[in-house]
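>>> What shape does this take:
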Amino acid sequence: EMSAGVDRVGFQREITTTSFSASTRRQIGRVTTDERMGGPATSLVAGAAFVHDTAVFGPTGPWMGSRYRIGASLTAGSLDVLTVSGDYRRYFAPTSGVTIATRVQYLNRLGSSRSDSRLLPLVWSVRDAVRGSPHDSTSIRAATTSIANVEVRVPVRRAFGVSAGRVDLPVDLFTFTDLAHFGAPAAGGLSASERNLWSTGFGARINAAGFVFELNAVRPLIPVRSWRFVMNFRPGF
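Residues are numbered from 1 along each chain as shown. Take a look at the predicted model:
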């Protein structure tokens, strides 16, 4: 897999100030101003990756085989960054109808601009990596990310012997554990920081006319939080 292009990134902040009367508590004014946040960045981007995929998919995600991708992307110009990545996934079937899905990911930014605030986050949504975890300053600024996920998947027809006539119900039950480490370099007056995340739980995936809904009961363990309900729209990794 190879790619090349031009990337231009700009930032602008919109500030809205609303005034209220102290006596009547009614709104008496509202002013909105635009403020630029640093100059735009224009860079040439080139990338290459080796991709391998022998996974066999079911209604809600892969259930056997393996997949991996090893790549590097170079950004040169206003931003100088080399991003290396690795993604390995393996699916084991110890018994008929049961799949153990494993995934390991690694992302690392190298170069003089690795801490530039104009770079987009390495991980767009932290809860895609560790379910039940919100964004924070460390994960957004991270230049190094390591992620590991393990799931045990069972089709509902196997768990309860349920089917709709001769058509199997496209529903999978699963239990999981997610771990991640984020490392953010010092930048803009902020010191270098690290963040570890860990969560566990169980859930179900449903294929509804080609759209896969993931319903999770999640217990974050690092940092420790109470059980919570999370819904995603995605197939299994």
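>>> list the contacts for the residue nearest the centre of the chain?
Central residue of the chain (CA atoms, centre = their mean): D128, 3.5 Å from the mean position. Residues counted as contacts of D128 (CB atoms under 8 Å, 6 or more residues apart in numbering) are 232, 234. Bear in mind the C-beta positions are built from the backbone N, C-alpha and C, glycine included.
>>> Tell me if it really is in a strand.
No. Going by DSSP: H, G, I helix; E, B strand; the rest coil, the assignment for D128 is helix, not a strand.
>>> ok, it to L169 distance?
Counting by CB to CB, to the nearest Å, the separation of D128 from L169 is 26 Å.
>>> Please apply the same query to A4.
Distance from A4 to L169, by CB to CB: 45 Å.
>>> do the same with G47
For G47 relative to L169 (CB to CB), the value is 40 Å.
>>> Could you do G183 as well?
Separation of G183 from L169 (CB to CB) stands at 43 Å.
>>> Tell me where the chain has strands.
Using DSSP state E, the strands found in the chain span residues 2-9, 12-20, 27-36, 41-53, 56-57, 62-77, 81-95, 98-110, 144-155, 171-184, 193-208, 211-222, 228-233.
>>> would you list those in JSON lines and tack on distance to T138, mean neighbour count and mean pLDDT?
Compiled in JSON lines, those are given as follows (distance: least, CB to CB, whole Å; neighbours: other CB atoms under 10 Å; pLDDT from 0 to 100):
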{"stretch": "strand 2-9", "distance to T138": "21", "mean neighbour count": "11", "mean pLDDT": "92"}
{"stretch": "strand 12-20", "distance to T138": "22", "mean neighbour count": "9", "mean pLDDT": "89"}
{"stretch": "strand 27-36", "distance to T138": "25", "mean neighbour count": "9", "mean pLDDT": "86"}
{"stretch": "strand 41-53", "distance to T138": "22", "mean neighbour count": "14", "mean pLDDT": "95"}
{"stretch": "strand 56-57", "distance to T138": "34", "mean neighbour count": "11", "mean pLDDT": "92"}
{"stretch": "strand 62-77", "distance to T138": "22", "mean neighbour count": "16", "mean pLDDT": "95"}
{"stretch": "strand 81-95", "distance to T138": "18", "mean neighbour count": "16", "mean pLDDT": "95"}
{"stretch": "strand 98-110", "distance to T138": "14", "mean neighbour count": "18", "mean pLDDT": "96"}
{"stretch": "strand 144-155", "distance to T138": "10", "mean neighbour count": "19", "mean pLDDT": "96"}
{"stretch": "strand 171-184", "distance to T138": "5", "mean neighbour count": "20", "mean pLDDT": "95"}
{"stretch": "strand 193-208", "distance to T138": "4", "mean neighbour count": "18", "mean pLDDT": "94"}
{"stretch": "strand 211-222", "distance to T138": "13", "mean neighbour count": "17", "mean pLDDT": "94"}
{"stretch": "strand 228-233", "distance to T138": "21", "mean neighbour count": "12", "mean pLDDT": "91"}
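>>> And for V224, the neighbour number?
Residues contacting V224 under the criterion other CB atoms under 10 Å number 8.
>>> Quick check: bridge partners of it?
According to DSSP bridges, the residues that bridge with V224 are L221.
>>> For L197, see how far away it is.
To L197, V224 is 11 Å away according to CB to CB.
>>> For the residue lying farthest from the centre of the chain, give me the pLDDT.
The centre of the chain is farthest from one residue, S23, which by CA atoms, centre = their mean lies 47.5 Å away. Note on S23: pLDDT of 88.
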